[in-house]
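Student: Next one to model:
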Amino acid sequence: MSPESFWEKETSRLEAFSDGVFAIAITVLVLELTVPTVDPSVSLGQGLLDEWPSFFALGTSFMTILIMWMNHHNMFSYIRRTDRRLMLFNGLLLLFVVLTPFTTSLVARHLSDVDARTAAAVYSGNFLLVAIVWNGLWRYCSRGHRLLGSEVTGDQVTAITRQYYVAPLAYGAALVVSAFSGLASVAVILIVAGFYAVTASLGK
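Tutor: Residues are numbered from 1 along each chain as shown. Okay, the predicted model is just below:
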């Protein structure tokens, strides 16, 4: 086996493991959906409306994790080699990915009550940690082309690095905003998700 084939195999194993974690995280909130209990005083329609926090959490969690998975896939299209530090970085990133359904459910259930700002702080804080680790992972892999493919250009590295800087800045702002308005903080995060959905669809 050539050195190139060996490293591609190792990278593929890391991606396969990551894909499995993303797949579990993206569907876990469906377990919280329950069939509404209908009685003479509550219609089925009202029961479904009462479940809106769970539907909101499932929808937003599914979309944000899907967008993270797409960007993760794009990032690894540039990474051609792996080492133990990359494995640790990637594992830490996946930790905060799997926390996303919980923090999304938390903010969905408290977005309209007195704990909205606290829930939004937890929600935005988790995304900020995702962004910090994500940037750390990319910087580690890209510094000196340490783990990148030989065909990756310096201009590509610079463009991706700048693109990734948007997340920690925006999520940091969302964390600050959460002290004043939970809804506004969540709105910032969803806007950033939209930005990365576009960039992911235009990726390599």
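
Student: What distance do you get for Trp134 to Thr161?
Tutor: 11 Å (CB to CB, to the nearest Å). (Glycine included, C-beta is placed from N, CA and C.)

Student: swap in Ser54?
Tutor: For Ser54, the distance to Thr161 - CB to CB - is 38 Å.

Student: Which residue is the nearest non-sequential neighbour of Leu128?
Tutor: With sequence-adjacent residues excluded and distances taken as CB to CB, 6 or more residues apart in numbering, Leu128 is closest to Tyr171, at 4.0 Å.

Student: coming back round to it: looking at Trp134 and Thr161, which one has more neighbours?
Tutor: Taking neighbours as other CB atoms under 10 Å, Trp134 and Thr161 compare with Trp134 leading, 23 against 13.

Student: and that one, what is it in contact with?
Tutor: Listed by CB atoms under 8 Å, 6 or more residues apart in numbering, the contact set of Trp134 reads Leu93, Tyr164, Ala167.

Student: out of those, which one sits closest to Ala120?
Tutor: Using CB to CB, Ala167 comes nearest to Ala120 of those, at 16.9 Å.

Student: quick one: that closest one and Tyr196 touch, right?
Tutor: Yes. With contact defined as CB atoms under 8 Å, Ala167 and Tyr196 form a contacting pair (7.3 Å).

Student: Find the residue ranges of the protein scoring beneath the pLDDT cut-off.
Tutor: 1-10, 32-39, 46-48, 50, 203-204 (pLDDT under 70).

Student: hmm, try it at 80
Tutor: 1-10, 28-57, 201-204 (pLDDT under 80).

Student: now the helices for it?
Tutor: Assigned by DSSP state H, the helices in the chain fall at 3-27, 44-50, 52-76, 84-110, 116-142, 154-177, 182-201.

Student: can I get these in JSON lines with distance to Leu148?
Tutor: Putting the helices of the chain into JSON lines (distance: least, CB to CB, whole Å) gives the following:
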{"stretch": "helix 3-27", "distance to Leu148": "11"}
{"stretch": "helix 44-50", "distance to Leu148": "49"}
{"stretch": "helix 52-76", "distance to Leu148": "10"}
{"stretch": "helix 84-110", "distance to Leu148": "11"}
{"stretch": "helix 116-142", "distance to Leu148": "6"}
{"stretch": "helix 154-177", "distance to Leu148": "7"}
{"stretch": "helix 182-201", "distance to Leu148": "19"}
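
Student: ranking those by burial, who's on top?
Tutor: Counting by mean count of other CB atoms under 10 Å, helix 116-142 has the highest mean neighbour count of the helices of the chain, with a mean of 20.

Student: Direction-wise, compare that helix with helix 182-201 and give the angle.
Tutor: If you take axes from the mean of the first three to the mean of the last three CA atoms, to 10 degrees, helix 116-142 sits at 30 degrees to helix 182-201.

Student: what's the offset of helix 116-142 from the middle of its chain?
Tutor: 9 Å (CA atoms, centre = their mean, to the nearest Å).

Student: do stretch 65-83 as well
Tutor: The answer for stretch 65-83 is 12 Å, by CA atoms, centre = their mean.

Student: now what about it, what contacts it?
Tutor: 4, 7-8, 10-11, 14-15, 18-19, 22, 25-26, 86, 93, 97, 100-101, 130, 137-138, 141-142, 146-150, 152, 156-157, 160, 193, 196-197, 199-201, 203-204.
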